[in-house]
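Q: Any chance you could fold what I've pasted below:
(one chain, ligands or ions: 2)
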Amino acid sequence: MEIPEQIALVTGATSGIGKAITLALSKAGFQVIALGRDPVALEQMQHTSGVRPLALDLLDREALAGALQGEKIDVLVNNAGVIPPAVEFDQMDQNDIDATIAVNLSASLATTRLVLPGMMARKHGHVFFIGSTAGQAAFPSMAVYGATKAAISSFAVALRCDISGSGVRVTEIVAGRVETNLYKEVLNDQARTDMYGAFDAVQPEDVAAMLLSVLQMPAHVDVTRFDILPTAQFVGGGGFAKKDNE
Ligand SMILES: NC(=O)C1=CN([C@@H]2O[C@H](COP(=O)(O)OP(=O)(O)OC[C@H]3O[C@@H](n4cnc5c(N)ncnc54)[C@H](OP(=O)(O)O)[C@@H]3O)[C@@H](O)[C@H]2O)C=CC1
Ligand SMILES: N[C@@H](C=O)C(=O)O
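A: Ligands and ions are numbered 1, 2, ... in the order given. I've put the predicted structure just below:
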């Protein structure tokens, strides 16, 4: 797919879905600003794929604003995200709650707030948000994570009201189980092997392929949301509390 030199910013570009999207956009002819905290991973991607590394923590608002000043971003992929330990809410550590909201929601809003005015002034651009099935249905022990993704989903829809007529497109990508390092901090290697070995998960490259297809749509078409799940994954289904033993 030939695309004139345009600039894409991908957050969370050092791993998983963000890395696949970064490499796919670079291969499609974009100049990609690859953002993440891991400088070694970024340097390797710069060497192999010619992306522009941007090593920073999205929670450092000053660094983020400084790095993006003057950049004319055509495509923004709000991908960076974390998943907290899978425990019931009453067992959650407040720090995990705060960190999940800070990265998954606040950082996406802050990055979008920095990039969007330029897109609107140029009457061109595309903002992607990586949502989750966890934002669309109730998952036990994922209430906070799901809340951040539900918020992103609601924001993406409402944002289109605010920017209507600007020529800027917005897409939420609602992903099911994708085989990445998302659970690296919360599950041991065996648990992750068992989790991803249970069925054929979506691969990061599958998400990247769909993103490119959405970008390829003519300017008058905005794919505002797509869901991408393993064929074997279903979402929903009620449950019952275990009867307390008398
Ligand atoms: N895997 C899955 O099943 C699904 C994932 N998602 C979402 O997809 C997105 C990508 O996750 P995934 O690829 O799976 O997981 P990974 O853990 O592989 O990637 C997460 C990325 O986010 C970056 N990141 C995390 N915190 C920060 C921060 N403070 N500042 C900058 N970058 C940060 C990491 O970069 P670094 O460590 O270098 O900072 C890394 O590149 C997330 O939003 C996740 O919620 C949605 C549905 C399903
Ligand atoms: N929806 C995914 C996380 O966001 C998952 O099923 O792991």
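
Q: Isn't G50 up against S26?
A: Yes. G50 lies in contact with S26 (Cβ atoms under 8 Å); the separation is 6.4 Å. Every C-beta, even on glycine, is put in place using the N, C-alpha and C of the backbone.

Q: So which of those two has more stuff around it?
A: The neighbour count for G50 versus S26, taken as other Cβ atoms under 10 Å, is higher for S26 (20 against 11).

Q: following the host helix or strand of that one, which helix or strand shows up next?
A: Using DSSP states H and E, S26 sits in helix 16-27. Downstream of helix 16-27, the first helix or strand assigned by DSSP H and E is strand 31-36.

Q: Give the pairing partners of that next one; include direction for each.
A: strand 7-11 (parallel), strand 52-55 (parallel) (DSSP bridges).

Q: Of the ones you listed, which is nearest Q203?
A: strand 7-11 (17.0 Å; Cβ to Cβ).

Q: any idea how far that closest one is from the chain center?
A: With Cα atoms, centre = their mean, to the nearest Å as the basis, strand 7-11 stands 12 Å off its chain's centre.

Q: pLDDT wise, what is the residue nearest in space to the middle of the chain at?
A: The residue lying closest to the centre of the chain (Cα atoms, centre = their mean) is N79, at 2.3 Å. What the model reports as pLDDT for N79 is 99.

Q: Please give the centre-to-centre distance between the helix or strand containing Y145 and its chain.
A: Element membership for Y145, per DSSP H and E: helix 143-162. From the chain centre to the centre of helix 143-162 is a distance of 12 Å (Cα atoms, centre = their mean).

Q: residues contacting the residue nearest to S132 when sequence neighbours are not counted?
A: Of all residues beyond its chain neighbours, the one nearest S132 is K149 (4.1 Å), with distances taken as Cβ to Cβ, 6 or more residues apart in numbering. Residues counted as contacts of K149 (Cβ atoms under 8 Å, 6 or more residues apart in numbering) are N104, G131, S132, A134, G135, Q136.

Q: Would you mind naming what in the protein lies close to ligand 1?
A: 11-18, 36-38, 57-59, 79-82, 103, 130, 132, 175, 177-178, 180-182 (Cβ under 6 Å from any ligand atom).

Q: tell me how far the ends of stretch 173-181 are from each other?
A: 18 Å (Cα to Cα, to the nearest Å).

Q: now swap in stretch 118-137 and tell me
A: 34 Å.

Q: tell me which residues in it are buried?
A: 118-120, 124-136 (16 or more other Cβ atoms under 10 Å).

Q: restrict these to contacts with ligand 2.
A: S132, T133, A134.

Q: Just name the closest of those residues to ligand 2, please.
A: S132 (3.5 Å; Cβ to the nearest ligand atom).

Q: Over to that closest one: give its phi and psi.
A: As for S132, its main-chain torsions (degrees, to the nearest 10) stand at phi -160, psi 150.

Q: And the one 4 residues further on, by the same measure?
A: For Q136, the backbone dihedrals are phi -110, psi -10 (criterion: degrees, to the nearest 10).

Q: Next: V168.
A: phi -90, psi 130.

Q: Mind checking what secondary structure T100 has?
A: Classification of T100 by DSSP: H, G, I helix; E, B strand; the rest coil places it in helix.

Q: and it, what pLDDT?
A: For T100, the predicted pLDDT is 98.

Q: which residues does the closest residue to it other than its chain neighbours contact?
A: Distance criterion Cβ to Cβ, 6+ apart; nearest residue to T100, sequence neighbours excluded, is P84 at 4.8 Å. Applying Cβ under 8 Å, 6+ apart, we find P84 in contact with M92, D96, I97, A99, T100, V144, Y145, V186.

Q: Which strand or helix spans P84?
A: Judged by DSSP H and E, P84 forms part of no helix or strand.

Q: looking at this protein, which helix or strand is least sure?
A: The least trusted helix or strand in the chain, going by mean pLDDT, DSSP states H and E, turns out to be helix 189-197, with a mean of 95.
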